[in-house]
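Participant: missing the sequence, but the structure's below:
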DNA sequence: GATTTCATCTCGCTC
DNA sequence: GAGCGAGGTGAAATC
């Protein structure tokens, strides 16, 4: 990785056109050829960038550009889309290179996947006598989070969200409509499960005969801890 | 902005839990207190980060941590959510600070708004004899991107997207349904215009009698250039 | 201030 | 490769 602090202006031409006026910025050149232009603030998102796979060509400025104070031109070209990022370098304040090696990567825990896993493990939370068919049950229009059967053997499709919004109800409705056309599954009832369900979403769901289930993440983790301590 | 290259491990606890094993990484400390952890590859997204507003506290490791090789502990705490990012520093390879000043910011051009402006200016692209009624025509459920009339005086509602997806067709369908109930407008035909229209979206649109129009952004800008040269 | 929509979204997964 | 859905989504515009 090479780190350059320099006065620069930047132009991007690709899916959109964008321009950064002259200012001092951090230019990060990663070993895969990608380039990030960061300011000293804002968010984790660079002001401008080029994603890999791409290639960097450094060229000399023409006479007019030299007069304007440009010392180097960096042209970063995307290998597939031909998007271009052109960095005009003026004064360089810092320039260093570093060997980082490959990164072992991030280990995540605690998102919707974990909620799904917990609910699948404690499927009785859906109601007495419920059994798990499978997680991520595939349909033609996408995967249903959990497919289960109730005590009487009827199909139950569960849509899981961290925050239960109206979108999630629409999503589940589409799944139910499709699944109820499948004679192997029909009739399928829906359960909309989330840590928090917004009133509008609850209204819409119940109006469509979809049951709402509020999940207590910490309590579910507690069930897991209890289980792991007992067995 | 402070740039540190160091061996480190990182733990994040907030909306999810995440861990980065020991490796050499770039730590970017911005002047607003935010911290970014970057590896030498991947995308513009850091491996881990803390967004502003947040505060950084540097503390000494305890005895056990010293034995493990930790020389410093950085605790970054979000001011509002109390999310925490803990960076355990081992060996430091580089450490430098730089004055960047505030950034004038990115100037964008070429998003949906520009497409809409261009199409409104060259409304004949919809077909011979078409005239513009207005952009952002308000309805009870939101604004229709462009309302026009065809050569025979019939209403034409245009939904514009950079990428024509199934969502856009659904949106236009809702508008058409509503507008066709208005005797001043009905009958209204729909045009789904985008730089690129996905096959599924095209299928759905044409199935509903909505015409699809692929827009060439560069060519449209060319029309503009020609016009500005001529007049 | 809350909400909706857009994004050079990115990222991961499945078919 | 295309399609779908989640994201510590973030950021901007609108209500």
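Facilitator: Now that the structure is in, tell me what you want to look at. For clarity, every value in this text was computed on a predicted model and none was experimentally measured. Numbers count the residues shown, from 1 in each chain, chains lettered A, B, ... in the order given.

Participant: Would you map out the domains in chain A?
Facilitator: A:2-97, A:112-230 (automatic domain parsing).

Participant: Could you tell me the least trusted of the ones you listed?
Facilitator: Mean pLDDT is lowest for domain A:112-230 out of the domains of chain A, coming in at a mean of 86.

Participant: What residues of whichever helix or strand residue A:8 is part of count as buried?
Facilitator: Residue A:8 belongs to strand A:2-13 when assigned by DSSP states H and E. For strand A:2-13, a neighbour-count test (16 or more other CB atoms under 10 Å in any protein chain shown) marks A:3, A:4, A:5, A:6, A:7, A:8, A:9, A:10, A:12 as buried. The C-beta positions use only the backbone N, C-alpha and C, and glycine is treated the same way.

Participant: Find the nearest non-adjacent residue to the fourth one, please.
Facilitator: Just to be clear, that refers to residue A:6. Using CB to CB, 6 or more residues apart in numbering or on different chains and skipping the chain neighbours, the partner closest in space to residue A:6 is residue A:92 (4.5 Å).

Participant: tally of neighbours for that neighbour?
Facilitator: 14 (other CB atoms under 10 Å in any protein chain shown).

Participant: And the one 5 residues further on, by the same measure?
Facilitator: Close neighbours of residue A:97, defined as other CB under 10 Å, add up to 11.

Participant: Contacts only, for the nearest residue to it once chain neighbours are set aside.
Facilitator: Among residues not flanking residue A:97 along the chain, residue A:2 sits closest, at 4.7 Å (CB to CB, 6+ apart). If a contact means CB atoms under 8 Å, 6 or more residues apart in numbering or on different chains, then residue A:2 has A:28, A:29, A:95, A:96, A:97, A:98 as its contacts.

Participant: Give me the buried subset of these.
Facilitator: A:28, A:29, A:98.

Participant: Test my guess that the last one contacts residue B:25.
Facilitator: If I follow you right, that is residue A:98. No - using CB atoms under 8 Å, residue A:98 is not in contact with residue B:25, being 9.9 Å away.

Participant: Quickly list what's touching both of these two.
Facilitator: With CB under 8 Å, 6+ apart as the test, residue A:98 and residue B:25 both reach residue B:5.

Participant: re the thing from before, what is the nearest of the contacts of residue A:2 to DNA strand C?
Facilitator: Using CB to the nearest atom of the strand, residue A:28 comes nearest to DNA strand C of the contacts of residue A:2, at 13.1 Å.

Participant: Is that closest one bridged to anything, and to what?
Facilitator: residue A:3, residue A:36 (DSSP bridges).

Participant: One more: residue A:89?
Facilitator: residue A:8, residue A:72.

Participant: quick one, what contacts it?
Facilitator: A:4, A:6, A:7, A:8, A:70, A:71, A:72, A:73, A:74.

Participant: ok, the residue lying closest to the fifth one once chain neighbours are set aside - how many residues close by?
Facilitator: Spatial nearest neighbour of residue A:70, excluding adjacent residues (CB to CB, 6+ apart): residue A:61 at 4.2 Å. Counted with other CB under 10 Å, the burial measure for residue A:61 works out to 17 neighbours.
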